[in-house]
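> Please find the sequence and the predicted model below.
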Amino acid sequence: MTEPLFSIPLWADLLGVGLGGVQGAMFASGFQGQRRLDWLGVAIIGIMIGMGGGLIRDILLGQTPATLQSNWYLLTATGAALLGMLLAGLFNRLNTVIVVLDAVVIGMFGAFGTSKAIAFGIPPVPAVFIGVCAAVGGGVLRDMLMGLPTSIMHVGSLYAVAAGAGCAFIAVANALAMPITLAAVIGIVVTAVIRVLAVSFDVSLPEQRRLYRRKVAAETGAIAIVKPGVDL
Amino acid sequence: MTEPLFSIPLWADLLGVGLGGVQGAMFASGFQGQRRLDWLGVAIIGIMIGMGGGLIRDILLGQTPATLQSNWYLLTATGAALLGMLLAGLFNRLNTVIVVLDAVVIGMFGAFGTSKAIAFGIPPVPAVFIGVCAAVGGGVLRDMLMGLPTSIMHVGSLYAVAAGAGCAFIAVANALAMPITLAAVIGIVVTAVIRVLAVSFDVSLPEQRRLYRRKVAAETGAIAIVKPGVDL
Amino acid sequence: MTEPLFSIPLWADLLGVGLGGVQGAMFASGFQGQRRLDWLGVAIIGIMIGMGGGLIRDILLGQTPATLQSNWYLLTATGAALLGMLLAGLFNRLNTVIVVLDAVVIGMFGAFGTSKAIAFGIPPVPAVFIGVCAAVGGGVLRDMLMGLPTSIMHVGSLYAVAAGAGCAFIAVANALAMPITLAAVIGIVVTAVIRVLAVSFDVSLPEQRRLYRRKVAAETGAIAIVKPGVDL
């Protein structure tokens, strides 16, 4: 394992943690009915989104989690979660803010994950994988804790794809000797833009069953009358 | 990373594992309908509650899990889970026993987690965080495996707060040079007492939405007639 | 910690990853309705089943995950997941293939987990535990991500028992000085055969509540008229 060539500056790391904390708390604050959360639950989701990506990255790298080596990370995540709750109370329609924040946060966690993996001598393919896990891991854990269907698993996401594109860019750019800091910044932009565009234009991956059924219908000569909005 | 100043005595560690195993199995035995478990499922929950806290603590600390370095932990957890199943069959109304056991177990896992983190040179804030994760982690995993809403996330818990109070006491007491063993014992008592009192008097954190809605109602001049038991 | 005496050959490790990837993708492809997945979701489940066992094993061992030290694992898992999707489209009734593949895969992950744990000086009882976690861990994570009831927790599984029997065989055979490679091969066969037989003959562990209720019925003198197929 090589000596790390690159370390994430503390301010950048804390910025990611803080934005994640704000986004997580704003998201969690929006739930009502069976899934509404008390203050503590909202704060836990905020802390988890803020810190989950870094924890998953370091556990996959076999490193002692960096977010637990200093008081700053938890203080930032907690403060950010409180701020997120406050903002959720001030604004009425938060969806755009939440989506954009989320896009930036998965971009940052993906870029930090891939960069750190490369710095620790991990080959490019698993380095991208670690980046994607760092980017989407906090959201997966959030969905499990809140009893929601996990967002990356369901039709209409492009969630992991956006993270993967940014992380893959970093790995390729690093192989082509682009400075890692520049590559990481571009990687964040790539992920965030894909994610925001995917949400804006409602792009989704083809659903596995749907294509299969169409093929079956074609093979069996069945006529499938497809009305817009009707789910096959 | 400093040389550990403190190691959890094996008997204390095994006591926590054993009590956790009994509590987990008693809890899991109580389910019927769609969520009832077979013997193996009950044993798995017992082992998970008994050993989960220590595993999470050591993974977050970047250490090889202590519970997997000796045969004793798993033998204790398994035996305790079988005992828990037996006890669940003998008693009719177990709720009080389960609540008290649970309070003691989260106190112990929290105290062991925070103490070990401090011994490994982790700063106080993340040391408390690791303690809370160790205390509540087994229960979170249990709820996920059993398909229950995760207890720490929902209104009316004070679960993580109780663990946090005990762990924070240990971190502060350690900073003030109190011997860590004494601090850990007091920390366990603090957590257990808060948790039992919270359940007894049905104390809960204010629910996030409810407060927000009251504020909106006040601002808009709406009159909210609140009947007892009616959920806003 | 002793020097590893045994390392899993890369081809064997990749075979397990590949078979897991095929099985995971075939399984995930079979879902419709609320739980149907898009292509990405199916691929994620395939990669998770293919790589999850090794990741869990290495995290529990406190080792840097072997599956992230080389490009081959992820490439194999992804290719296998794509193959699994294709196969799921070609065949109509896949259940037998999925069950047999699954039995072999849990056998392999269990055997690799226990063998590696023994090689790292872990005592026999936790070595079996690590093997079982490696064998069933991918499936648990799959069920959580897909919002399914976790298969190892529910009546009628014998899932973890099959894995445990194979892993226990390896630990005992190793203690009796059987060469670890031979022990691992027999362990895989033991697990796979138990699992396939359990599914074929619909063997299940006695359900905890059922036995308890029968005892209560016997003690209270109540007459329980049990019709076949009626669930007590």
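Nice, I can see it. Residues are numbered from 1 along each chain as shown, chains lettered A, B, ... in the order given.

> residues near the closest residue to A:Val189 other than its chain neighbours, how many?
Of all residues not flanking A:Val189 in the chain, A:Gly107 sits nearest, at 7.1 Å (CB to CB, 6 or more residues apart in numbering or on different chains). Any C-beta I mention is one placed from the backbone N, CA and C, and that applies to glycine too. Neighbour count of A:Gly107, defined by other CB atoms under 10 Å in any protein chain shown: 28.

> What of A:Leu10?
Neighbour count for A:Leu10, taken as other CB under 10 Å: 12.

> so how far is A:Ala66 from it?
9 Å (CB to CB, to the nearest Å).

> One more: A:Met153?
Distance of A:Met153 to A:Ala66, given as CB to CB: 28 Å.

> the more surrounded of the two?
Taking other CB under 10 Å, A:Met153 and A:Ala66 do not tie; A:Met153 has more neighbours (24 against 19).

> show me the contacts for the closest residue to A:Val140 other than its chain neighbours.
Spatial nearest neighbour of A:Val140, excluding adjacent residues (CB to CB, 6+ apart): A:Thr150 at 5.5 Å. Under the criterion of CB atoms under 8 Å, 6 or more residues apart in numbering or on different chains, the neighbours of A:Thr150 are A:140, A:143-144, C:144-147.

> Among those residues, which lie within strands?
Secondary structure from DSSP state E places none of the contacts of A:Thr150 in strands.

> What is the nearest of those to C:Ala134?
Closest approach to C:Ala134 among the contacts of A:Thr150 (CB to CB): C:Met144, at 16.7 Å.

> wait, doesn't the closest one sit right on B:Met144?
Yes: here C:Met144 lies in contact with B:Met144, judged by CB atoms under 8 Å, at a distance of 5.8 Å.

> and for these two, which residues touch both?
Counting by CB under 8 Å, 6+ apart, the shared contacts of C:Met144 and B:Met144 are A:144, C:150.

> Can you show me the helices along chain A?
Along chain A, the stretches classed as helices by DSSP state H are A:10-29, A:39-60, A:71-90, A:95-119, A:124-146, A:159-175, A:180-200, A:208-220.

> rank the ones you listed by mean pLDDT and give me the bottom one.
Among these, helix A:208-220 carries the lowest mean pLDDT, at a mean of 44.

> Could you tell me how many residues sit around A:Ala177?
Neighbour tally, A:Ala177, other CB under 10 Å: 8.

> give me phi/psi at it?
The phi/psi pair for A:Ala177 (degrees, to the nearest 10) reads phi 70, psi 20.

> Ok, A:Gly62 next?
A:Gly62 adopts backbone torsions of phi 70, psi 20, taken as degrees, to the nearest 10.

> was I right about it contacting C:Gln63?
Yes: between A:Gly62 and C:Gln63 there is a contact under CB under 8 Å: 6.5 Å.

> check contacts around A:Thr114.
A:127-128, A:130-131, A:167, A:170-171, A:184, A:187.

> and the gap between it and C:Ala175?
Distance from A:Thr114 to C:Ala175, by CB to CB: 43 Å.

> go on, A:Val196?
Per CB to CB, A:Val196 is found 58 Å from C:Ala175.

> In chain A, which residue sits closest to chain B?
Relative to chain B, the nearest point of chain A is A:Thr64 (3.2 Å; CB to the nearest CB).

> Am I right that A:Ala119 is in contact with A:Leu61?
No: counting by CB under 8 Å, A:Ala119 sits too far from A:Leu61 to count as a contact (9.6 Å).

> Compare these two and say which is more crowded by neighbours.
Set A:Ala119 next to A:Leu61 and count neighbours by other CB under 10 Å: A:Leu61 wins out with 26 against 20.

> quick one: contacts for the residue lying closest to A:Gly20 once chain neighbours are set aside?
What sits nearest to A:Gly20 in space, not counting adjacent residues and going by CB to CB, 6+ apart, is A:Gly50, at 3.7 Å. Counting by CB under 8 Å, 6+ apart, A:Gly50 touches A:16-21, A:24, A:73, A:76-77, A:80-81, A:138.

> repeat that for 10 Å
A:Gly50 is in contact with A:14, A:16-25, A:67, A:73-74, A:76-81, A:84, A:105, A:109, A:138, counting by CB atoms under 10 Å, 6 or more residues apart in numbering or on different chains.

> how about the helices of chain A in JSON lines, adding distance to C:Ile98?
Formatted as JSON lines, these follow (distance: least, CB to CB, whole Å):
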{"stretch": "helix A:10-29", "distance to C:Ile98": "36"}
{"stretch": "helix A:39-60", "distance to C:Ile98": "28"}
{"stretch": "helix A:71-90", "distance to C:Ile98": "41"}
{"stretch": "helix A:95-119", "distance to C:Ile98": "33"}
{"stretch": "helix A:124-146", "distance to C:Ile98": "24"}
{"stretch": "helix A:159-175", "distance to C:Ile98": "24"}
{"stretch": "helix A:180-200", "distance to C:Ile98": "32"}
{"stretch": "helix A:208-220", "distance to C:Ile98": "16"}
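
> B:Pro123 is nearest to which of those helices?
Nearest to B:Pro123, of the helices of chain A and by CB to CB, is helix A:71-90 at 4.7 Å.

> Do any residues in that closest one lie close to chain B?
Yes: Helix A:71-90 is in contact with chain B by CB under 10 Å from any CB of the partner chain, via A:71-75, A:77-78, A:85, A:88-89.

> Taking those together, which two end up most distant?
A:Asn71 and A:Gly89 (27.4 Å).

> residues in contact with A:Ser7?
With CB under 10 Å, 6+ apart, A:Ser7 has these contacts: A:13, A:66, A:115-116, A:119.
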